[in-house]
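Enquirer: Pasted the sequence and its predicted model underneath.
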Amino acid sequence: GEDVEQSLFLSVREGDSSVINCTYTDSSSTYLYWYKQEPGAGLQLLTYIFSNMDMKQDQRLTVLLNKKDKHLSLRIADTQTGDSAIYFCAESKPGGYNKLIFGAGTRLAVHP
Amino acid sequence: DTEVTQTPKHLVMGMTNKKSLKCEQHMGHRAMYWYKQKAKKPPELMFVYSYEKLSINESVPSRFSPECPNSSLLNLHLHALQPEDSALYLCASSQVYRETNTEAFFGQGTRLTVV
């Protein structure tokens, strides 16, 4: 079955690293995404990883995937106040269109 | 250009009104989606159009009627809505590939309030 779970809240100090965690249950090959949503706005695609990869880095963002534990994390280096938002983990199957299954979202609060 | 444009940004409608939400993309994507997002919840898929044909209807009530007039446009017609239908309605689009990944890009949403 399909189920994506996330912790609901994370608070970090400006300049520190943030790590947002996600677990998924589907054991077949899948794509895993991180989206960012600021208050009152739509979803911004940050990055994605295929389930046969271990890691992907894109500037301040690092995605780590532990396939054995079905655990995904998003690390934001040098977190800034503009990073305050809700971060959604999502998964979908390859091929065809993109039917996303979202986690509940993690609210990241960055304080000085 | 990865822009998906939704209009209007805000909409207040009565339970007897008929209104439409509009979505447009010019990325050449052949799949378009409607999602509904209630406050403090993740988005939930409502409809998927692939090559202008309805591919998925996630058991959405008939008071929501989607339409895909061409490959760039997606509408959501609303009629006789209930207050519990108040939510952020998000449109998204993506390519359609046989075996590989396709990234979905979202619009800014229409904030709908039913009174």
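Expert: On my side now, so go ahead.

Enquirer: how about low-confidence regions in chain B?
Expert: B:1-2 (pLDDT under 70).

Enquirer: can you list the residues of it near chain A?
Expert: Within chain B, the positions lying close to chain A (Cβ under 8 Å from any Cβ of the partner chain) are B:4, B:6, B:31, B:33, B:41-45, B:48, B:50, B:55-56, B:90, B:92, B:94, B:96-109, B:111. Yep, even glycine has a C-beta here, placed from its N, CA and C like the rest.

Enquirer: do that again at 7 Å, thanks
Expert: Counting by Cβ under 7 Å from any Cβ of the partner chain, chain B comes close to chain A at B:31, B:42-43, B:45, B:48, B:50, B:55-56, B:90, B:94, B:96-109.

Enquirer: List only those of those flagged as buried.
Expert: Neighbour counting by 16 or more other Cβ atoms under 10 Å in any protein chain shown classes B:31, B:42-43, B:45, B:48, B:50, B:90, B:94, B:101-109 among these as buried.

Enquirer: Excluding chain neighbours, what is closest to A:Q37?
Expert: Of all residues not flanking A:Q37 in the chain, A:I86 sits nearest, at 4.7 Å (Cβ to Cβ, 6 or more residues apart in numbering or on different chains).

Enquirer: What is the host helix or strand of that neighbour packed up against?
Expert: Assessed by DSSP states H and E, A:I86 sits inside strand A:85-92. Under the contact definition 3 or more Cβ pairs under 7 Å, 6 or more residues apart in numbering or on different chains; DSSP states H and E, strand A:85-92 sits against strand A:4-6, strand A:18-24, strand A:31-37, strand A:101-102, strand A:106-111.
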